[in-house]
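*Asks:* Sequence plus predicted model, see below.
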Amino acid sequence: MASDPPNTVSETNPGKVITFYSYRGGSGRTLAVANTACLLAKRTAGGKGVLMIDWDLTAPGLHGIFEGRLALSDQASPRTKRAKGSDQPGLIDLFCELADEVGKDETRRVHQSEEQARKIVEFVRPEKYVLATDIPGLHLMKAGRFGGDYSQRVNTFKWDDLLKKSPWMYLALATYLGEHYDYVLIDSPSGMGDTAGVCCSLMPEMLVCLFTLNHQNLSNAPAIISQALQYRRESNDLRPLVVVPVPSRIEAGEQEQLKAWRFGSQESGLPGYQGVFERLFCQEYALHGCNLKTHFDQVQLKDTHGLEFGDQLPVLAEPEGGQSDLVKAYQHLTDCLTADCPPGLHA
């Protein structure tokens, strides 16, 4: 990769950029983004607001969850305001414009400077790609303007090429967004591609890793976390990267099986996800000990099958202090996002 930029986060109450990631799809990641974003918007009422970004470009879904609740942002350009909400450009359109601006400097023979990257972000004005919702303080940046050449733009955009030409660009964008919002929640694509790497390693200060109970997730998700943390240690980006593991799609009833997946079972050949993440945290954060029992007791996202994208979100359907297990888990997850250290660090 190209040389890494140092930290440039504003000293005056910068917002927090948080990526939601899952190694495989089907974890309820997008619903987790939507529900926690709603809770954060309520908790930060009167502040700078909360921005959701749909970075899952090949399978975008956040706009579907908020169908009928979107409105064009007051900060959008007059041309954009005249367009229909469904035609509103989004993330891929933003990055195409950023890349175009980077490419305009034909005389540059060295990597772009921090100041140049910042000026480009300010010139492009990412807020013009943002939609408001009817939930106070909650905003959405869609994956992009669908139809036409959307798929071609997504499939041909070179994320690593932008990093090589402008190694400051991703951090400049994260910093800019943090200055404009209290929280920025990124819905990352699954897997190990370039876009997932950008979302996990380059953009966030917190990485929420959702995982369902299967061998692929327990083998690969910790590896992705380690890669992200290693990248940050070796870079000049001095922002902390806090990891929050979240088991999801937990089905009630199979208590013995759930116990085996969580604590391990020699008979079943399961290492136990609690031990996996406790050892990972000890290694990556240089801890003498880590106890995630309370964290995993509280943050287990129940199975959300049957909850369709047109349904009202659980955190909006229930009154304040709702008692369903799912809403309680989202509330505990939101507590983690407002903290500044990994769960279990002081256990």
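*Replies:* Here it is on my side, so go on. Numbers count the residues shown, from 1 in each chain.
*Asks:* State the distance from residue 116 to residue 103.
*Replies:* The gap separating residue 116 from residue 103 is 12 Å, by CB to CB, to the nearest Å. Using the backbone N, CA and C atoms, a C-beta is placed for each residue, glycine as well.
*Asks:* same thing with residue 60?
*Replies:* 26 Å.
*Asks:* same deal with residue 156?
*Replies:* Residue 156 is 14 Å from residue 103, by CB to CB.
*Asks:* Tell me how many other residues crowd residue 125.
*Replies:* Other residues within reach of residue 125, judged by other CB atoms under 10 Å, total 15.
*Asks:* actually residue 264, not the one I wrote
*Replies:* Applying other CB under 10 Å, we find 16 residues neighbouring residue 264.
*Asks:* which residue sits closest to it in space, ignoring its chain neighbours?
*Replies:* Excluding the flanking residues, the one nearest residue 264 by CB to CB, 6 or more residues apart in numbering is residue 272, at 3.0 Å.
*Asks:* just to revisit the earlier point, neighbour count winner among residue 60 and residue 103?
*Replies:* Under the criterion of other CB under 10 Å, the comparison of residue 60 against residue 103 puts residue 60 first, with 22 against 12.
*Asks:* Spatially, which residue comes closest to the more buried one, not counting chain neighbours?
*Replies:* Closest residue to residue 60 in three dimensions, ignoring its sequence neighbours and counting by CB to CB, 6+ apart: residue 143, at 3.6 Å.
*Asks:* shouldn't the one you found be in contact with residue 56?
*Replies:* Yes - at 6.9 Å, residue 143 and residue 56 qualify as touching, with contact defined as CB atoms under 8 Å.
*Asks:* Please, where are all the strands along the stretch 201-347 of the chain?
*Replies:* In chain order, the stretch 201-347 of the chain shows strands spanning 206-211, 242-247, with DSSP state E, counting those that start in this stretch as the criterion.
*Asks:* Does the last one pack against any helices or strands, and if so which?
*Replies:* Translated: strand 242-247. With contacts defined as 3 or more CB pairs under 8 Å, 6 or more residues apart in numbering; DSSP states H and E, the secondary structure elements packing on strand 242-247 are strand 206-211, helix 215-234, helix 273-284, helix 293-298, helix 325-338.
*Asks:* what's the most buried one of those?
*Replies:* Burial of the helices and strands packed on strand 242-247 is given as mean neighbour count (mean count of other CB atoms under 10 Å); strand 206-211 ranks first at a mean of 25.
*Asks:* That strand pairs with which strands, parallel or anti?
*Replies:* Note on strand 206-211: by DSSP bridges, its sheet partners are strand 16-22 (parallel), strand 242-247 (parallel).
*Asks:* Just send these back as a markdown table, with mean neighbour count, distance to residue 148 and mean pLDDT too.
*Replies:* Compiled in a markdown table, these are given as follows (neighbours: other CB atoms under 10 Å; distance: least, CB to CB, whole Å; pLDDT from 0 to 100):
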| stretch | mean neighbour count | distance to residue 148 | mean pLDDT |
| --- | --- | --- | --- |
| strand 16-22 | 26 | 28 | 97 |
| strand 242-247 | 23 | 36 | 96 |
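*Asks:* Nearest to residue 177, out of those strands?
*Replies:* Ranking those by their distance to residue 177 (criterion: CB to CB) puts strand 16-22 first, at 6.5 Å.
*Asks:* Low-confidence regions, the stretch 101-250 of the chain specifically.
*Replies:* Per-residue confidence for the stretch 101-250 of the chain (pLDDT under 70) gives these ranges: 105-111.
*Asks:* what about the helices in it?
*Replies:* With helices called from DSSP state H, counting those that start in this stretch, the stretch 101-250 of the chain shows them at 114-124, 150-156, 159-165, 169-180, 194-197, 215-234.
*Asks:* Make TSV from those helices and add distance to residue 18 to it.
*Replies:* As requested, those are arranged in TSV below (distance: least, CB to CB, whole Å):
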stretch	distance to residue 18
helix 114-124	19
helix 150-156	23
helix 159-165	19
helix 169-180	11
helix 194-197	15
helix 215-234	13
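*Asks:* Out of these, which is closest to residue 281?
*Replies:* Taking CB to CB as the criterion, helix 215-234 is the member of the helices of the stretch 101-250 of the chain that comes nearest to residue 281, at 9.5 Å.
*Asks:* mind exporting the closest one as CSV, just the C-alpha atoms?
*Replies:* These are the backbone C-alpha positions of helix 215-234, laid out as CSV (Å, rounded to 0.1, in the frame of the first residue of the first chain):
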residue,chain,number,x,y,z
HIS,A,215,-16.9,-22.4,11.5
GLN,A,216,-16.2,-20.0,8.7
ASN,A,217,-17.1,-17.0,10.8
LEU,A,218,-15.1,-18.1,13.9
SER,A,219,-12.1,-18.9,11.7
ASN,A,220,-12.1,-15.8,9.5
ALA,A,221,-13.6,-12.9,11.4
PRO,A,222,-10.8,-12.9,14.0
ALA,A,223,-8.2,-12.9,11.2
ILE,A,224,-9.9,-9.9,9.6
ILE,A,225,-9.8,-8.1,12.9
SER,A,226,-6.1,-8.9,13.4
GLN,A,227,-5.3,-7.6,9.9
ALA,A,228,-7.1,-4.4,10.6
LEU,A,229,-5.4,-3.9,13.9
GLN,A,230,-2.0,-4.7,12.5
TYR,A,231,-2.5,-2.3,9.6
ARG,A,232,-3.3,0.5,12.1
ARG,A,233,-0.3,-0.3,14.3
GLU,A,234,2.0,-0.1,11.3
